[in-house]
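# Have a look at this fold, sequence not included:
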């Protein structure tokens, strides 16, 4: 019966895809707005990276929604992980034990010391140059989070956090989110359009160009990096043994 159900499902899915494909006019552009954006974005926004111009200029409100979804997911996962960690610590207190993860070996610790500044520089470069080259806040923020998580893997410490303070992470995350919304409200008050690029387009291709887009990209990168770094630290602090999680 399971095989028959799988075959019926596969046949139905294939029929649906064929019906959709039969209604498409191959060779004709289905989205004309993309061509207009490619033509007008460099002069309207001043960004050579059209993807960043779309994410932070033409559809900035959607980017704010994506940040909200990421924040909600990280918050929900953090609440679940904090509960498990508290139960783990309580059990160790009852058993008069001090939970501690040993530091990584010499190779891991040395590699972390070498990679940490390199990842920071690369992440910040991608964020700051997001309006000029491929990349931006989301990609650079992930690299920043990975830089700090390398330290957690190499030197976890007694609580597994690697010395990362959750209060500082939460402050940076909130500051970045407030900056993004604040720039959007500033644009709404000044131009009547939320998150409309301001401060002029500048010279196309230079670092100081594209108006407020580099500021928005920095806010996105800092927020994404802080959220992911906090989430990965929460995961590192979880008990590894099955007995502690029962």
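Yes, it's here. This structure is a prediction, so every number in the text was calculated from the model and none was measured.
# Can you point out the buried residues in stretch 124-138?
Along stretch 124-138, these residues count as buried under the neighbour rule (16 or more other CB atoms under 10 Å): 124, 126, 127, 128, 129, 130, 131, 132, 135, 136, 137, 138. (C-beta placed from N, C-alpha, C; glycine too.)
# oh sorry, the question was meant for stretch 19-39
For stretch 19-39, by 16+ other CB under 10 Å, it's residue 37.
# Run through who's touching it.
Contacting residues not belonging to stretch 19-39 are listed as 50, 53, 54, 58 [CB atoms under 8 Å, 6 or more residues apart in numbering].
# okay, now the closest residue to residue 144 other than its chain neighbours: neighbour count?
In this structure, residue 144 finds its nearest non-sequential neighbour in residue 225, 3.5 Å apart by CB to CB, 6 or more residues apart in numbering. Neighbour count of residue 225, defined by other CB atoms under 10 Å: 28.
# What strand or helix carries residue 225?
helix 213-236 (DSSP states H and E).
# what's the burial count for the closest residue in space to residue 234 that isn't next to it in sequence?
Closest residue to residue 234 apart from its sequence neighbours, by CB to CB, 6+ apart: residue 81 at 4.2 Å. Using other CB under 10 Å, residue 81 is surrounded by 17 other residues.
# pLDDT weak spots in this structure?
1-2, 26-31, 82-104, 156-164, 237-246 (pLDDT under 70).
# This protein: strands as residue ranges?
Secondary structure of the chain, counting by DSSP state E: no strands present.
# can you map out the helices along it?
2-22, 33-44, 50-53, 60-94, 106-128, 137-154, 166-191, 213-236, 242-245 (DSSP state H).
# Please name the residues that touch the residue nearest to residue 147 when sequence neighbours are not counted.
Distance criterion CB to CB, 6+ apart; nearest residue to residue 147, sequence neighbours excluded, is residue 119 at 3.5 Å. Residue 119 makes contact with 143, 144, 146, 147, 150, according to CB under 8 Å, 6+ apart.
# and with 6 Å instead?
Residues counted as contacts of residue 119 (CB atoms under 6 Å, 6 or more residues apart in numbering) are 143, 146, 147.
# try residue 108
residue 154.
# before we move on, what about residue 45?
Contacts of residue 45 (CB under 6 Å, 6+ apart): 53, 57, 197, 210.
# Need these in TSV (columns: neighbour count and distance to residue 203).
As requested, those are exported to TSV (neighbours: other CB atoms under 10 Å; distance: CB to CB, whole Å):
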residue	neighbour count	distance to residue 203
53	24	16
57	26	18
197	26	15
210	31	10
